[in-house]
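Trainee: Need coordinates for the below:
(chains A and B)
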Amino acid sequence: MSISQLDAEALRQSLEQLAGRHAIHQWDLGASCSDDTSVQVDRGEAKQMKAAQRSAITVRAWNGDGLVGITSTSDLSAEGLERALVGASEASAFGNPDDTPAFSPLATAALQPLDQPLHEPVNILQLLDTLKDAERQLLGRHAAIETVPYNGLAQRRSQRLYLNSAGASRQQAMTTASLYLYARAEERGRKPRSAGAVRLAYGAGDLDIAGCIDEAAERTISHLDYAPITTGRYTCVFSPEAFLDLIGAFSSLFNARAVLDGVSLSSRESLGQQLAAPCLNLHDNGLHPGNIGAASFDGEGTPTRRLTLLEGGVLRQFLHSEATARAFGVAPTGHAGMGAKVSVGPDYFEVGPAGTAAGSGGAVGLDQTLHQGPLVLIDSLSALHAGVKASQGSFSLPFDGWLMHNGQRVSIEAATVAGDIRTVLSQLIGFEGEAKVTPDGVCPQVWVEGLSITGEA
Amino acid sequence: MTSTSTRSVDSSLHTADTLATGFGSHWSTRLEALLACGRRAGADLVEVFLERTDHLGVLAEQDRVTSVSPAFGLGAGIRVFLGHRDGFVSTNDLSDQGLQSALEQALGMLGLQVGGPSSAAVGRGFDGLPGLRDHGSSKASWLASCPGLAEASAKLLDGTARLERHGRHLQVRRGSYSRDWQEVLVAASDGTFARDIRLHQSLGLSVLAADGDHRSSLGRRYGTTDSPDDLRRWDADASALEICDSAATMLYADYVEAGQMPAVLANRFGGVIFHEACGHLLETTQVERGTTPFADKVGEAIAHEAVTAIDEGLSDAAFGSLSMDDEGMEPQRTVLIEQGVLKRFLSDRAGEQRTGHPRTGSGRRQSHGFAAASRMRNTYIAPGHHTPEQLIASVDRGLYCKSMGGGSVGPTGQFNFAVDEAFLIENGQLTRPVKGATLIGEAKEVMPRISMCANDLELAAGFCGSVSGSIFVTVGQPHIKVDSITVGGR
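Mentor: All right, here's what the predicted structure looks like:
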């Protein structure tokens, strides 16, 4: 694997020259490059080995009327850069005078240091051997596990930077690695079942491979003995991953861009209002040590930081870019992308109980093994891209999970869970177990009352 | 760590010439050198995919253009085969050095190296590239013929204004336009040497209607390929009217009651059911993975005899049509299922090697960053002899799915898709609108339950995400009846 580097100083000098030549007085630039290698295997053989060198630049230019235009390219040559800058300048004639981004006032503020050790890449043939071994171990866990159809071991070395004509200069380099194993199991006369696990780390050598195999095997095997579920309303226990997926799909609730665009269920007036059960706290914290590959600054150069979204179920703050923050009269929060219209998005959620365990009113320490009556355990949600109507608040999603009844856990053959996110948040009754660190956030198991479950007959 | 390179504006990527002149037969010498080098190193086959792109995206909200996002780029993907294995490397660096480095990296993945022991087997059957099969020669003017920024913006604003005119309780009105121009060149050591230019344009209109606690959000997307004047011909008024009618209908709809019931699925985008429930399972990538229940079913009945299903890349201007696939092969019309009997799988180069199913011109990829894989193109159920009204009249109590959202299929063949706009069928008549439905099931079980096909086949443009990225596809069908399917709701 070769190591690629963006030369920030050369980029700045070139842009300054080009901007001067084209009478562009205000510009900024986001750039990234990466070297990736990855392998996939199929029953002991290499299925595919891949490598990619990628580079990308996005340039914004402001015109004399203060309107902004943008152009992106993968061409980092001098000619490519000039074409991008000129393209951005031309596009600025179509900028939106009602909503023009400016430089973030925090684009030169101090960044929070991140503990992100850089690892040397592993030879791809070593990756291959490691994945073959992981697959072999997983196949050996149960006779019904016949294949691991979705698997991959990948590593990345990447760099990103942000520059602007007012002197801001941000850079970040990192290495990351990932492993995913999704097994398929089938017993004679029964339907095939599938489940898996994912692990992230800063280097391939640091991946919790054994943990990934254990989790993929345990989850797959647990779904072998399945039964249909009767359609009805159930108390549901979301796994950390499932609840984080659901919150992520409805993150427009906390997104100032979506509020301003009229597509969020929240409004300016929602701040300070009770949005969820009083037992729920929700933060966005891109700096959490569990957030492998965390960005230290956003697309506008604003430092990443921890933000309180819900406190005791009350909506406290929105995620902001520079432009939305200006519209709300607050500081940017470090959640911006880069664009002519700047997108806003969450980094890494922290979900947990409000206050102390003693003062939580029984919302912590719930235990499914002691529960009277049926519980639906939702392990993983599918098809969020299709089954979530974020602007309406509704969802109807297939899931993998179990029915827990009288202390016995039986996998559910096939089912969907449907509801409204506002109902989910207000009918959240508590938490079980310790918060789990996942790739998307930190969360314990979450109990919610009265959700509609449809079983497949 | 083997080498260090610096990507900066000073790097000599040799891209200016390529950006100006594009790809063509003048690349043959450079490509032959690469292919010969790979073969001498011991590869069974070497393939080089070159790509140049030019994208324009425009978003209009209410009565303003709120985002204009041009992008352009170029890159290469090099794939090396040895036995049933392959190594793939992509890069943005099209210099001789960059391409050679990518080739050597791909060879290294297979334990091969330039000048290594396998080089003794010189010659290895590469006789140079033939003349270029140039599918793009008649398409050189397409990019310049497309609407510019000002024209596209004006057309979109006209669309959002018509939404305002036709709609009620509209909180958000959006129009989006996307133009994707792509030039590709494929060269392989089996003598493939072909070039094409593709043009995909898509238009979307969407609304969010709100009245108190009632909300509905609906959109439609229209897409064509190889038609520079497409945006100019777009009937914005008809599109706006259709969307506003649907949004008004769904605004006060109740949530659907869950259960198992018969369903009639409308034509056009209703075809997503076949795409998700069956189409993906007829790609050789699924055979390779062991994730299709149909792997050994060629010649057997897997669907109701009412079902004949086709995948092709030939329909005029359809979103999934191609002059050649991303491995340089001209697309075919592939009958997948004929009167319920499985006939063929969709196959690419690797699929043919690994499963024995002959290539069908279905090797597709999002960009140079992906190796091609067997993927669908224009996929649809053939028309039957019934009228849509006959299908609806045959149902005592069920669901009419007028407009579909997206869907997906998992590794066990379990599929799902969302229904954006639906009506109850009661005693053979459409009655109340209902929302919030998701249809789930298993391919093996649902295909025999498609018992009636109407005579009104229509296609709809869409995007499909899978192993080789997001690609342009068409789904389609006439109205069809599914005797029983699980409807997830409240």
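Trainee: what sits against residue 317?
Mentor: Using chain A. Listed by Cβ atoms under 8 Å, 6 or more residues apart in numbering or on different chains, the contact partners of residue A:317 are A:254, A:271, A:307, A:308, A:309, A:330, A:333. For the C-beta atoms, the positions are set from N, CA and C on the backbone; glycine is no exception.
Trainee: not quite, I wanted chain B
Mentor: Counted by Cβ under 8 Å, 6+ apart, residue B:317 has contacts B:224, B:225, B:226, B:227, B:230.
Trainee: Just these: which are in strands?
Mentor: B:224, B:225 (DSSP state E).
Trainee: For residue A:134, what are phi and psi?
Mentor: Backbone geometry at residue A:134, expressed as degrees, to the nearest 10, gives phi -60, psi -40.
Trainee: Could you pull up the residues touching it?
Mentor: Here residue A:134 is in contact with A:151, A:153, A:179, A:181, A:209, A:212, A:213 (Cβ under 8 Å, 6+ apart).
Trainee: Helices along the chain, start to end?
Mentor: Chain wasn't specified; assuming chain A. Along chain A, counting by DSSP state H, helices occupy A:8-21, A:78-91, A:124-139, A:209-222, A:240-249, A:256-261, A:322-328, A:384-387, A:421-426.
Trainee: look at chain B instead
Mentor: Using DSSP H, the helices of chain B run over B:15-21, B:28-40, B:96-109, B:142-145, B:149-166, B:230-233, B:236-251, B:272-277, B:284-289, B:349-355, B:388-393, B:443-446.
Trainee: Show me what the second one is packed against.
Mentor: Packing partners of helix B:28-40 (3 or more Cβ pairs under 8 Å, 6 or more residues apart in numbering or on different chains; DSSP states H and E): strand B:45-61, helix B:96-109, strand B:170-188.
Trainee: The fifth one now?
Mentor: For helix B:149-166, the contact count by 3+ Cβ pairs under 8 Å, 6+ apart identifies strand B:45-61, strand B:64-82, strand B:170-188, strand B:193-211, helix B:230-233, helix B:236-251 as packing neighbours.
Trainee: Show me which residues of that helix are buried.
Mentor: For helix B:149-166, a neighbour-count test (16 or more other Cβ atoms under 10 Å in any protein chain shown) marks B:149, B:152, B:153, B:155, B:156, B:157, B:159, B:160, B:161, B:162, B:163, B:166 as buried.
Trainee: Alpha carbons only: can I get that helix in CSV?
Mentor: What follows is helix B:149-166, C-alpha atoms only, in CSV (Å, rounded to 0.1, in the frame of the first residue of the first chain):
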residue,chain,number,x,y,z
LEU,B,149,-27.4,25.5,-15.4
ALA,B,150,-29.7,28.4,-16.2
GLU,B,151,-32.1,26.3,-18.3
ALA,B,152,-32.2,23.5,-15.7
SER,B,153,-32.8,25.9,-12.9
ALA,B,154,-35.6,27.6,-14.8
LYS,B,155,-37.3,24.3,-15.5
LEU,B,156,-37.1,23.2,-11.9
LEU,B,157,-38.5,26.4,-10.7
ASP,B,158,-41.3,26.0,-13.1
GLY,B,159,-42.0,22.6,-11.6
THR,B,160,-42.1,23.8,-8.0
ALA,B,161,-44.3,26.7,-9.0
ARG,B,162,-46.8,24.2,-10.6
LEU,B,163,-46.7,22.2,-7.4
GLU,B,164,-47.8,25.4,-5.5
ARG,B,165,-50.5,25.9,-8.1
HIS,B,166,-52.0,22.4,-7.9
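Trainee: give me the low-pLDDT residue ranges for the chain?
Mentor: Using chain A here. Low-confidence segments of chain A (pLDDT under 70): A:1-4, A:356-362, A:457.
Trainee: Chain B is the one I meant
Mentor: Residues of chain B that meet the cut-off, pLDDT under 70, sit at B:1-21, B:116-124.
Trainee: what's the domain layout of it?
Mentor: Domain assignment for chain B by automatic domain parsing gives B:15-53+B:72-135, B:142-253, B:259-488.
Trainee: and among those domains, the most buried is which?
Mentor: Neighbour counts (mean count of other Cβ atoms under 10 Å in any protein chain shown) averaged over each of those peak at domain B:259-488, with a mean of 22.
Trainee: the strands in the stretch 51-200 of chain A, which residues?
Mentor: With DSSP state E, counting those that start in this stretch as the criterion, the stretch 51-200 of chain A has strands at A:68-73, A:145-164, A:169-185, A:193-201.
Trainee: Could you pull up the contacting residues of whichever residue of the stretch 51-200 of chain A sits closest to chain B?
Mentor: Nearest to chain B, among the residues of the stretch 51-200 of chain A, is residue A:74, at 3.5 Å (Cβ to the nearest Cβ). Contacts were defined as Cβ under 8 Å, 6+ apart; by that measure residue A:74 touches A:54, A:55, A:56, A:57, A:80, B:73, B:74, B:75, B:92.
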